[in-house]
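*Asks:* just to be clear, the model below is a prediction. Sequence and coordinates:
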Amino acid sequence: MKFKNIFLTVIAIISAQIVTSQEGLPIYTDYLTDNYYLIHPSMAGAANCAKVRLTARQQWFGHEDAPRLMTLSINGRIGDTPSAVGGILFKDKNGYHSQNGAYVTYAHHLMFSRSEVDLNMLSFGLSAGVIQYRLDETTFPSDGFDPGIDGIVQNATNFNMDFGFSYQYLDFYAHGTIKNVLKNSGVNNDIEITSNLRRFLLSLGYVYSKFGSEWSYEPSIMYQYKDGTKESSIDLNAKVYKQMDFGKIWGGLSFRKSFDGAEYFNDSGSIESQKLQQITPILGVNYNQFMFAYNYTYQSNAIVFTNGGFHQFTLGYNFGCKREKYSCNCPAVN
């Protein structure tokens, strides 16, 4: 029975990897490290500085071919116009699957404020990108075990688009994005479900503090829905900031909960179900024009591949900064 349980768990992990390995840019908690543009194209150029962000994520240290992700993004306004541009490069490897992608973004910001003191801005963004999928089958069994295995390195390149909006009013913000608008078959042409990678994201948040205080607090949520698999999950986030002479120090906690579960056999042979649960503490510092952040994701399910966590580092640099225009607690803009 234990062997059967292990076998079913491994099959579930492999199946999850096949589906998620060609979903485009994976969505973790890196957006909370001053990097909302990474998931919402409408945030390109929303801040008073142009931004460069480099992230590196490594899962399951000590395990060969463990999932890892690297992203590089840049975004900023076009001069003093309401238009902005951005770009994202990413490399994602997950076992025998890997994907490389590049996106370019155009965003436009509409101001409804009577003056630059009050923030009231509606933004739209469109990203277009190319994703190259790769599946290495050279080490798979070649004795007819599976007729779908060719024993070669399969490659496929697809084009896709993301579209989104952002609304920011004083200390409140909302972002909505449709990712992977087009269908991509990738290297799994015979699996219909993987061709629909469309994902819907909705983020809401508010930043508040007492007048004259060096502390500010930001509760937020993000809901995501995968159209192809009909799965949904929610992130419940809380961040705190402290203003310093050199910039800011900040930290937070994110809790991700899936609304859909996977069934498995326990040691007694009964069928149980578990839902994805992840807890991620976050630490960061803004030192003059530089930003550094670290987050650690712990998966708290009963059945997991390993008890090791997922480590992620973010390095950032702000340039071309203009004066802070708005009288608000809005760290993503001011």
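*Replies:* In hand now; what should we look at?
*Asks:* tell me where this protein has strands.
*Replies:* Under the criterion DSSP state E, the chain carries strands at the ranges 50-59, 68-77, 83-94, 97-111, 120-136, 153-169, 172-179, 199-206, 215-226, 231-243, 247-265, 271-287, 290-299, 310-319.
*Asks:* mind putting these in CSV, mean pLDDT and mean neighbour count included?
*Replies:* No exception for glycine: its C-beta is placed from N, CA and C like everyone else's. As requested, these are arranged in CSV below (pLDDT from 0 to 100; neighbours: other Cβ atoms under 10 Å):
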stretch, mean pLDDT, mean neighbour count
strand 50-59, 92, 20
strand 68-77, 94, 20
strand 83-94, 94, 19
strand 97-111, 94, 19
strand 120-136, 92, 19
strand 153-169, 91, 18
strand 172-179, 97, 20
strand 199-206, 97, 18
strand 215-226, 96, 18
strand 231-243, 96, 17
strand 247-265, 87, 16
strand 271-287, 87, 16
strand 290-299, 93, 18
strand 310-319, 94, 18
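*Asks:* turn the ones you listed into CSV, columns for distance to residue 42.
*Replies:* Converted to CSV, these look like this (distance: least, Cβ to Cβ, whole Å):
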stretch, distance to residue 42
strand 50-59, 14
strand 68-77, 11
strand 83-94, 9
strand 97-111, 6
strand 120-136, 3
strand 153-169, 4
strand 172-179, 7
strand 199-206, 11
strand 215-226, 14
strand 231-243, 18
strand 247-265, 21
strand 271-287, 23
strand 290-299, 21
strand 310-319, 19
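*Asks:* and the ones you listed: which comes nearest residue 37?
*Replies:* Of all the strands of the chain, strand 68-77 sits nearest to residue 37, with 5.0 Å by Cβ to Cβ.
*Asks:* quick one: the closest one to strand 50-59, angle?
*Replies:* Calculated by axes from the mean of the first three to the mean of the last three Cα atoms, to 10 degrees, strand 68-77 forms an angle of 170 degrees with strand 50-59.
*Asks:* distance between strand 68-77 and the chain's centre?
*Replies:* 11 Å (Cα atoms, centre = their mean, to the nearest Å).
*Asks:* can you list the strands that that strand pairs with?
*Replies:* Next to strand 68-77 in the sheet, as set by DSSP bridges, lie strand 50-59 (antiparallel), strand 83-94 (antiparallel).
*Asks:* relative to residue 180, how far out is residue 196?
*Replies:* 8 Å (Cβ to Cβ, to the nearest Å).
*Asks:* meant to ask about residue 295, not that
*Replies:* 24 Å.
*Asks:* and for residue 318?
*Replies:* 29 Å.
*Asks:* nearest to residue 331 among the strands of the chain would be which one?
*Replies:* strand 231-243 (6.5 Å).
*Asks:* residue 276 contacts residue 235, doesn't it?
*Replies:* No - contact criterion Cβ atoms under 8 Å: residue 276 and residue 235 do not qualify, at 11.5 Å.
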